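> A predicted structure for the sequence below; I have some questions about it.
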Amino acid sequence: MSIIENHKTDGQPFSENPKLKARDVRVFYGEKQAIFDVSLDIGANEVIALIGPSGCGKSTFLRCLNRMNDTIDICRIEGEILLDDENIYAPKMDVVPLRARVGMVFQKPNPFPKSIYDNVAYGPRIHGLVHHRDELDEVVEKSLQRAGLWNEVKDRLHAPGTGLSGGQQQRLCIARTIAVDPEVILMDEPCSALDPIATAKIEELIDELRENYTIAIVTHSMQQAARVSQRTAYFHLGQLIEVNPTDLVFTTPEHTLTEAYITGRFG
Amino acid sequence: MPTSGTSMEIGFNQHISGQFNSDLEAIRSQMMEMGGLVERQVASAIDAITTGDTSPADEIIRREDDVDKMEVQIDRECTQILVRRQPAASDLRMVLAVSRVVRDLERIGDEATKIAVHALEVNGNSSGYCQQSIRYMGVEIGKMISGALDAFARCDVDGALDVVRNDKLVDQQYSAALRELITYMMEDPRSITQAINILWILRAIERIGDHARNISEQVIYVVSGADVRHSSISEMEEKAHKEDDE
């Protein structure tokens, strides 16, 4: 299968109340183009799932949303990405506060080799968000509570974060992300290294976090996309094929490629 | 069915998993086999009542058990597919539709049995009430059942809509036959026992038409994704073809 000439995304790529807007985004790794003219809104307080076969560009696109691709030398990005109508690729944009506003949770939990407390306190400290120890204690407690981890770790806050189970470590990373009070949380296959119980806890958490944050999640699990998201975007060979409400995508997809992928006809 | 895309056709035998292909094929072919059996049950029951030869009635009553067993078996296999494969899109609609269709087929089987039981009751004492209507409706519901199953096998929306239109004719004939029966009963109260038997038979035939219509609605659901249950014919036509126009 090859790139579809002049493809226009099917469905509803735009939303009424966008938090993030991507317009004609093209990404190149050296000579090779990885993303072709993707335009997509991510609505405020919505969970959008990005799905597609390996190498379809969904993770690359996600990493554009907080300029994580800047760390790759040969990566070049064209088009616009607007956070609250402000272009995050504008020359004056400082990426450090940007990444505090648009946080990221990775596939493998990556706690710092520090205590549970210091893992969560790290962001607020370096961003200068707190001034007193009491304030910091409060932020740590609130973040761990929101991440659904507080009750499990409140008696051992000074134990190393790396001593937690995989699922707990991932929730610790989510607590660390939300400690700096972001507006958007990007999740790149956050459950692929977790067992079903830990996965269920993270999914439950995603649903709760939606009240306060905008969330974009890349997942290889179709069932997970169906469970946690309100909208689903299907990527194929770097093109955004279809975006629709999740319940429509999994019952009556618009595009043949979406249907073929979600029903296990290729992938 | 997706309304846009490449020339790639979505078929039910194109999954990466060959086992999934054969599981889906199995429920479809068993449903067709069950449909064939039910179709024969209905035809024999109508024969028994219209020819006065009630010899097939016992066989119909005996085979009802087979129909019931097939329903349970196919439904169990649908459940297994849902659990093991978590089907989506057209696959999901297919599994749900098969599960619904086998329930309608089982009920058609029940109605055929009712006709057979009443055929035995009127045996030897047939006054020939409404014979014309029964014959006419019997032919129509036979066409409807086979039309609905053919439409399912071929994913043919227009064929399914034809069945739904036919159901309207059967309903009209049913009302006419009821009026005829009422006239007999008013003229001669001694005819009431016999007329009630005929009434049950007419009612069973009319219900079979409704079940064939339900099966056709599932064809439209599988093909277009539109849920057309409880819709009028014009609403159905609109919903079934809406996807083509987009």
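Alright, I've got the coordinates.
> what about the residue nearest to A:Gly52 when sequence neighbours are not counted, which SS state?
Leaving aside its chain neighbours, A:Gly52 sits nearest to A:Phe235 (3.6 Å; criterion: Cβ to Cβ, 6 or more residues apart in numbering or on different chains). Placement of C-beta: from N, CA and C, glycine included. Following DSSP: H, G, I helix; E, B strand; the rest coil, A:Phe235 is assigned to strand.
> okay, now the residue of the stretch 1-150 of chain A found nearest chain B: neighbour count?
Nearest residue of the stretch 1-150 of chain A to chain B: A:Asp10, at 5.6 Å (Cβ to the nearest Cβ). A:Asp10 is flanked by 22 other residues according to other Cβ atoms under 10 Å in any protein chain shown.
> same question for the one 3 residues further on.
Neighbourhood size, A:Pro13 [other Cβ under 10 Å]: 18.
> in the stretch 151-267 of chain A, what residue comes closest to chain B?
Counting by Cβ to the nearest Cβ, the stretch 151-267 of chain A gets nearest chain B through A:Thr256, at 2.6 Å.
> A:Asp137: what's it in contact with?
Residues counted as contacts of A:Asp137 (Cβ atoms under 8 Å, 6 or more residues apart in numbering or on different chains): none.
> helix or strand right after whichever strand or helix holds it?
For A:Asp137, the element it lies in under DSSP states H and E is helix A:133-146. Counting by DSSP H and E, the next helix or strand C-terminal to helix A:133-146 is helix A:150-153.
> beyond that next one, next helix or strand please.
The helix or strand immediately downstream of helix A:150-153 is helix A:166-179, counting by DSSP H and E.
> that next one - contacts with which helices or strands?
Contacts defined by 3 or more Cβ pairs under 8 Å, 6 or more residues apart in numbering or on different chains; DSSP states H and E place helix A:166-179 against strand A:102-105, helix A:116-126, helix A:133-146, helix A:150-153, strand A:184-188, helix A:196-209.
> if you count neighbours, what's buried in it?
Under the neighbour-count criterion of 16 or more other Cβ atoms under 10 Å in any protein chain shown, helix A:166-179 has A:167-179 buried.
> JSON lines for those, including pLDDT?
Listed next are the buried residues of helix A:166-179 as JSON lines, based on pLDDT from 0 to 100:
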{"residue": "A:Gly167", "pLDDT": "92"}
{"residue": "A:Gln168", "pLDDT": "94"}
{"residue": "A:Gln169", "pLDDT": "95"}
{"residue": "A:Gln170", "pLDDT": "94"}
{"residue": "A:Arg171", "pLDDT": "94"}
{"residue": "A:Leu172", "pLDDT": "96"}
{"residue": "A:Cys173", "pLDDT": "95"}
{"residue": "A:Ile174", "pLDDT": "94"}
{"residue": "A:Ala175", "pLDDT": "95"}
{"residue": "A:Arg176", "pLDDT": "96"}
{"residue": "A:Thr177", "pLDDT": "95"}
{"residue": "A:Ile178", "pLDDT": "94"}
{"residue": "A:Ala179", "pLDDT": "95"}
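> spell out which parts of the stretch 101-250 of chain A neighbour chain B.
Contact residues (Cβ under 8 Å from any Cβ of the partner chain) of the stretch 101-250 of chain A with chain B: A:Met222, A:Gln223, A:Ala226, A:Phe250.
> pull up the per-residue confidence for the residue nearest to the first one when sequence neighbours are not counted.
Distances taken as Cβ to Cβ, 6+ apart put A:Ile262 closest to A:Met222, at 5.5 Å, once the chain neighbours are dropped. Taken from the predicted model, the pLDDT recorded for A:Ile262 is 95.
> and A:Ile262, what does it touch?
By Cβ under 8 Å, 6+ apart, the contact list for A:Ile262 reads A:Ile51, A:Met222, A:Tyr234, A:Val249, A:Phe250, A:Pro253, B:Ala88, B:Ala89.
> and the residues you listed, which of them are in strands?
By the criterion of DSSP state E, membership of these in strands covers A:Ile51, A:Tyr234.
> most surrounded residue in the contacts of A:Ile262?
Within the contacts of A:Ile262, neighbour counts (other Cβ under 10 Å) peak at A:Pro253, which reaches 32 neighbours.
> what's around the residue nearest to that one when sequence neighbours are not counted, how many residues?
Using Cβ to Cβ, 6+ apart and skipping residues adjacent in sequence, the residue nearest A:Pro253 is A:Glu259, 4.5 Å away. Applying other Cβ under 10 Å, we find 24 residues neighbouring A:Glu259.
> confidence score at A:Glu259?
Looking at A:Glu259, its pLDDT is 95.
> quick revisit: and the residues of the stretch 101-250 of chain A next to chain B as a markdown table, adding pLDDT?
Formatted as a markdown table, these follow (pLDDT from 0 to 100):
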| residue | pLDDT |
| --- | --- |
| A:Met222 | 93 |
| A:Gln223 | 93 |
| A:Ala226 | 95 |
| A:Phe250 | 96 |
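> quick check, nearest of the residues you listed to A:Pro196?
Nearest to A:Pro196, judged by Cβ to Cβ, of those is A:Gln223 at 10.9 Å.
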